[in-house]
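**Q** I'd like to go over a predicted model; first the sequence, then the structure.
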Amino acid sequence: MSHSHIDVRYVANLARLELTDDEVATFQPQLEAILEHVEALSKLDVSGIEPTSYPAPVFDRMRDDTPHTSLAPEAVLQNAPDQAQGQIRVPKVVTDA
């Protein structure tokens, strides 16, 4: 990714932003630094790294006595504060008009 000059005004126009001359002067080196960083990242060898959806582990908010590997309906209902006829009951949120 070779870039000799990034037109900050053009990019701002694409983003529907109006920039002053001072803002253009401020953002020009910042945008070039970002693109240099992206270029450095694109040169890294990531062939041995498995793709992930999240950068950190994701944990379920389940009760301690619920198996964490099971997301069966029974496990969800077990954690529900109120249930009836195999369904989770929630407070009414629609008011009378």
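**A** Arrived safely, thanks for sending.

**Q** How many residues are close by L31?
**A** Burial of L31 is recorded as 17 neighbouring residues (other CB atoms under 10 Å). Glycine gets a C-beta too; all of them are placed from N, C-alpha and C.

**Q** make that V8, sorry
**A** Look at V8: counted by other CB under 10 Å, it has 20 neighbours.

**Q** just checking, what packs against the lowest-mean-pLDDT helix or strand in the chain?
**A** Lowest on mean pLDDT, DSSP states H and E among the helices and strands of the chain sits helix 73-79, with a mean of 74. For helix 73-79, the elements it packs on are strand 87-88, judged by 3 or more CB pairs under 8 Å, 6 or more residues apart in numbering; DSSP states H and E.

**Q** Can you give the strand pairings for the strand it packs on, parallel or anti for each?
**A** Its sheet considered, strand 87-88 pairs with strand 83-84 (antiparallel) by DSSP bridges.

**Q** chain center to the partner strand, what's the gap?
**A** 34 Å (CA atoms, centre = their mean, to the nearest Å).

**Q** for the protein, what's the longest helix?
**A** helix 21-42 (DSSP state H).

**Q** which helices and strands sit right next to that one?
**A** Helix 21-42 packs on helix 8-14, going by 3+ CB pairs under 8 Å, 6+ apart.

**Q** where does the protein dip in pLDDT?
**A** By pLDDT under 70, the weakly predicted segments of the chain are 1-4, 59-73, 97.

**Q** now do 80
**A** Where the chain drops to pLDDT under 80, the residues are 1-5, 53-79, 95-97.

**Q** Around E39, how many other residues sit close by?
**A** So E39, with other CB under 10 Å, has 12 neighbours.

**Q** Going forward, count from 39.
**A** All right, first residue 39 from here; so that's E77.

**Q** and the closest residue to G124 other than its chain neighbours, what does it touch?
**A** Distance criterion CB to CB, 6 or more residues apart in numbering; nearest residue to G124, sequence neighbours excluded, is L115 at 6.8 Å. By CB atoms under 8 Å, 6 or more residues apart in numbering, the contact set of L115 is 121, 124-126.
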